[in-house]
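Chemist: give me a 3D structure for the following:
(4 chains)
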Protein chains: 2
Amino acid sequence: MAANSRLTIAVHALAWLALAHRRGRPVLTSDEVAASININPVIVRRSLGDLRRASLVEVRHGTGAGWSLGREPSAITLSDVYDAVEGPPLFALHHTEPNLECPVGYGIRPALTGIYGDVESSLRAELARTSIADVLHRSLEAP
Amino acid sequence: MAANSRLTIAVHALAWLALAHRRGRPVLTSDEVAASININPVIVRRSLGDLRRASLVEVRHGTGAGWSLGREPSAITLSDVYDAVEGPPLFALHHTEPNLECPVGYGIRPALTGIYGDVESSLRAELARTSIADVLHRSLEAP
DNA sequence: CTCGCTGTAACCGAAGCTGTTACAGCGAGG
DNA sequence: CCTCGCTGTAACAGCTTCGGTTACAGCGAG
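Modeler: Numbers count the residues shown, from 1 in each chain, chains lettered A, B, ... in the order given. So this is what the prediction gives:
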């Protein structure tokens, strides 16, 4: 599958919101976020909409509308972001049912389900080791 | 992203080859493998071709042709299979270059490259904990 | 030389993602 | 109550990938 840039977009938006907040601009419009990522504002709204459903950001309507972080940048991990924006599981089982007459075909799906579950847990654990504050810090110290 | 079933197909084929070998049938044709997975033989040949390039299976031509395991089932881990069949990286960076005037846009790509590299390493390490022999064992003990 | 199987190219339809346009909805401020 | 700016979402286009299928050249044991 074409690798997905959803996590990148969402993390970029959150890091930018975190920096703006630190600079005294706690609320940004989707146009302002889109200008940093250099993409269409609608894509930003779709991504931030996912993050809002997970309470990672808050939105304000009416005059002076825009987006702000839902909690401290150090309290938002990449695992939270991954869960908010990433849809289907990492690995899929067979599209068509295997031949159940074959012992492997019969038993492999529950076996792989368990293994794939462990792998996804490990993936989340690794993502949880990094927060938005970490990403912002590493971005700002780039050469 | 639409989840990929390539890993599932390849692992199923290898587990089936391992069981057939144990039963005294060390060489199987792509039609025989496809019959267990219940998919088209061409897809099996494509998948086994990837595995052959990684020396995980061997192929024989001419009369009595077919596929056999390249080494012991306990010496083939899911990480080996993942590397053999899975193409692009898990997460993509931005499709278009971020705004380099913005400090986040300037530094986020190297930051994410490092983080994503760590996550993929962790994924491989978790996959490496399971071998084809393990998958076969877990499949055969299914209820 | 024959025959069965491999290896690969070409193509199809379905699905997903990015990107764009368009428009209804909301609410603070006048 | 109206205006105005921004959000939220639907609809659509273009691209890519994937699974699936057909077709055919290549190989080698017998």
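Chemist: tell me the mean pLDDT over stretch A:33-42?
Modeler: Mean pLDDT, stretch A:33-42: 96.
Chemist: what's the local residue count around residue A:76?
Modeler: By other CB atoms under 10 Å in any protein chain shown, the residues close to residue A:76 number 26. All C-beta spots, glycine's among them, are computed from the backbone N, C-alpha and C.
Chemist: which non-adjacent residue is nearest it?
Modeler: residue A:132 (4.5 Å; CB to CB, 6 or more residues apart in numbering or on different chains).
Chemist: so the residue in chain A sticking out farthest from the centre, which state does it fall into?
Modeler: Most distant from the centre of chain A: residue A:101, at 40.9 Å, with distances by CA atoms, centre = their mean. With DSSP: H, G, I helix; E, B strand; the rest coil as the basis, residue A:101 sits in coil.
Chemist: what does chain A put close to DNA strand D?
Modeler: A:1-2, A:29-31, A:41-42, A:45-46, A:48-49, A:52, A:59, A:61-63, A:65-67, A:95-96 (CB under 7 Å from any atom of the strand).
Chemist: hang on, the earlier thing: quick check: phi and psi at the residue nearest to residue A:76.
Modeler: Backbone geometry at residue A:132, expressed as degrees, to the nearest 10, gives phi -60, psi -40.
Chemist: enumerate the residues of chain A near DNA strand C.
Modeler: So chain A meets DNA strand C at A:2, A:4-6, A:9, A:39-40, A:42-43, A:61-65, A:87-88 (CB under 7 Å from any atom of the strand).
Chemist: which pair in those spans the largest distance?
Modeler: A:2 and A:63 (39.8 Å; CB to CB).
Chemist: neighbour-wise, which of the two wins?
Modeler: Per other CB under 10 Å, whichever of residue A:2 and residue A:63 has more neighbours is residue A:2, with 9 against 5.
Chemist: any idea of the pLDDT on the more buried one?
Modeler: At residue A:2, the model reports a pLDDT of 47.
Chemist: where along chain A do the helices fall?
Modeler: Listed in chain order, the helices of chain A (DSSP state H) span A:6-22, A:30-37, A:41-53, A:78-85, A:103-127, A:132-140.
Chemist: still on that earlier bit, just among the residues of chain A next to DNA strand C, which is most surrounded?
Modeler: The most crowded member of the residues of chain A next to DNA strand C, judged by other CB under 10 Å, is residue A:9 (26 neighbours).
Chemist: quick one: pLDDT of it?
Modeler: 97.
Chemist: for it, what are its contacts?
Modeler: When contacts are counted by CB atoms under 8 Å, 6 or more residues apart in numbering or on different chains, residue A:9 touches A:37, A:39, A:43-44, A:47, A:85, B:94.
Chemist: and for residue A:5?
Modeler: B:91-95.
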